[in-house]
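# here are the coordinates; sequence isn't available:
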């Protein structure tokens, strides 16, 4: 069976290198490439891939939110996170968004293929380093009653947070998300209240730390 793949990463060199490796496999078809999550969502609708190989830190819409939105429309889609992020909170958010695989970009290509085949067989796949991170968080969860994943933000609030952190104005955010400026301002206020942050600089630092946007 041929695995139909969409590559999503904001670094063209990374996408082209991965594409070249995948196209050497007779059991893989690369349907297309996207540089940000918002474009990727549209391409999933058009191309109907089996698997999306998804970066996390991307402009306009990060991989976590893109994964959540893709899977809400296509619950049978498989998403493999391929990222430099190994922080437990980011891994947990990606898995919570619905990714069934998570690998680091330092992993070998053969391991990526093992992961893709496992996912197509209905299994989850974590590279060894990420498996250790997930296990450590599981231990924290069962031993610490105050441990939790998530910041209480809605999906829309996380979208607004990323765009604010990337320097977009209220008017620009309203246009990108097809909202009124008043609604965008309301979302920003709710975000600040939930996070206890009162300025854009603080929001930007938070978004970068949580992998919602790049440096």
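Looks like it came in fine. If you're wondering where the values come from, they're calculated on a predicted model, not measured in any experiment.
# The helix or strand bottoming out on mean pLDDT in the chain: what's the following helix or strand?
Using mean pLDDT, DSSP states H and E, the weakest-scoring helix or strand in the chain turns out to be helix 128-143, at a mean of 72. Note on helix 128-143: by DSSP states H and E, the next helix or strand toward the C-terminus is helix 155-165.
# That next one - contacts with which helices or strands?
helix 63-73, helix 170-177, helix 181-195, helix 200-209 (3 or more CB pairs under 8 Å, 6 or more residues apart in numbering; DSSP states H and E). Placement of C-beta: from N, CA and C, glycine included.
# Tell me the helices and strands packed up against the third one.
In other words, helix 181-195. Counting by 3+ CB pairs under 8 Å, 6+ apart, helix 181-195 packs on helix 155-165, helix 170-177, helix 200-209.
# if you compare the ones you listed, which one is most tucked away?
Comparing these on average neighbours per residue, with mean count of other CB atoms under 10 Å, the densest one is helix 155-165 at a mean of 22.
# which residues touch the residue nearest the centre of the chain?
Geometric centre of the chain, nearest residue: residue 63, 2.0 Å, by CA atoms, centre = their mean. Residues near residue 63 by CB atoms under 8 Å, 6 or more residues apart in numbering: 8, 37, 54, 55, 56, 57, 81, 83, 94.
# Pipe those residues into TSV and attach neighbour count per row.
TSV is the format used below for the contacts of residue 63 (neighbours: other CB atoms under 10 Å):
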residue	neighbour count
8	29
37	28
54	29
55	27
56	30
57	22
81	26
83	22
94	25
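# now those residues as JSON lines including distance to residue 105, pLDDT and secondary structure?
Formatted as JSON lines, those follow (distance: CB to CB, whole Å; pLDDT from 0 to 100; DSSP: H, G, I helix; E, B strand; the rest coil):
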{"residue": "8", "distance to residue 105": "13", "pLDDT": "97", "secondary structure": "strand"}
{"residue": "37", "distance to residue 105": "17", "pLDDT": "94", "secondary structure": "helix"}
{"residue": "54", "distance to residue 105": "12", "pLDDT": "97", "secondary structure": "strand"}
{"residue": "55", "distance to residue 105": "9", "pLDDT": "95", "secondary structure": "coil"}
{"residue": "56", "distance to residue 105": "10", "pLDDT": "93", "secondary structure": "coil"}
{"residue": "57", "distance to residue 105": "11", "pLDDT": "90", "secondary structure": "coil"}
{"residue": "81", "distance to residue 105": "10", "pLDDT": "96", "secondary structure": "strand"}
{"residue": "83", "distance to residue 105": "7", "pLDDT": "92", "secondary structure": "strand"}
{"residue": "94", "distance to residue 105": "14", "pLDDT": "91", "secondary structure": "helix"}
